[in-house]
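J.: Model the following, please.
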Amino acid sequence: TKRTDMVDLSQAKQIEGYENYWIFPDGRVWSTYREGRFLKPHPTRGKDRTKPQYYRFWVGPRACRTQLSLHREVAKAFIGPPPLGENGKPLQVDHIDRNSLNNNVDNLRYVTRSQNMMNSGPQKNNTSGYKGVSWHKTIKKFYAGIKIKNRTLSLGYFDCKIEAAKAYDKKAYEFHRDFA
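T.: Down below sits the predicted model:
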């Protein structure tokens, strides 16, 4: 028996434009080239080049291979094509649990860029460890602020970074709901 007979493709969907490639809801990609095999996704590296950011994989014959983003292909296959936002551009794919390597269809959704930023964690240069919280050197207190529609709303100064983080979380939930 061939390896292709051993894989149940009933839950998989063919990748649009690539007849020899199938994608599963959990993010695995099956290739029917030659004897058939699961493709190994390759992680892209972020700006600091240390930890993986997103999985990509190669499709097509060696002479004209194309690299595709795994999370985008899972979303297209199982959620549908990305709808257009108010600006006429396609919406982005968001990882609900903030783990960009978890490409299960249940963890993906289409969002605007603004919503995608709401669902991000603290910046890399953050020293408090909490999103929206920073240390103010001259006042010697923790400052909490949140961005809403490109404006920063000040939440005040706090003696403890946990108090500042709680204030941020409360406002984030109030304004961002599912994306907080």
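J.: From now on I want contacts and neighbour counts done on CA atoms only, so please keep to that.
T.: Will do.
J.: quick one: contacts of the longest helix seen in the chain?
T.: Determined from DSSP state H, the single longest helix within the chain is helix 161-176. For helix 161-176, the surrounding residues in contact (CA atoms under 8 Å, 6 or more residues apart in numbering) are 115, 118, 128, 130-133, 142-146, 148, 155-158, 179-180.
J.: Among those residues, the buried ones, what's the PyMOL command?
T.: For the buried members of those, the matching PyMOL selection, counting by 16 or more other CA atoms under 10 Å, is:
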select buried, resi 115+118+128+130+131+132+133+142+143+144+145+146+155+157+158+179+180
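J.: Tell me which of the contacts of helix 161-176 fall in helices.
T.: 115, 118.
J.: burial count for Gly17?
T.: Gly17 has 7 neighbours, counted by other CA atoms under 10 Å.
J.: I should have written Ile139 there, sorry.
T.: 9.
J.: Repeat that for Lys171.
T.: 18.
J.: which residues in the protein form helices?
T.: So, for the chain - with DSSP H - the helices run 70-78, 113-118, 161-176.
J.: any chance of those in CSV, plus distance to Lys89 and mean pLDDT?
T.: As requested, these are exported to CSV (distance: least, CA to CA, whole Å; pLDDT from 0 to 100):
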stretch, distance to Lys89, mean pLDDT
helix 70-78, 15, 94
helix 113-118, 10, 82
helix 161-176, 22, 86
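J.: Show me the one of these that comes nearest Leu9.
T.: helix 70-78 (13.6 Å; CA to CA).
J.: CA atoms of the closest one as PDB?
T.: Extracted in PDB, the C-alpha atoms of helix 70-78 (Å, rounded to 0.1, in the frame of the first residue of the first chain):
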ATOM      1  CA  LEU A  70       0.500  28.100   7.700                       C
ATOM      2  CA  HIS A  71      -2.000  30.200   9.800                       C
ATOM      3  CA  ARG A  72      -3.300  32.000   6.700                       C
ATOM      4  CA  GLU A  73      -3.800  28.800   4.800                       C
ATOM      5  CA  VAL A  74      -5.600  27.100   7.700                       C
ATOM      6  CA  ALA A  75      -7.900  30.200   8.100                       C
ATOM      7  CA  LYS A  76      -8.600  30.400   4.300                       C
ATOM      8  CA  ALA A  77      -9.400  26.700   4.100                       C
ATOM      9  CA  PHE A  78     -11.600  26.300   7.200                       C
END
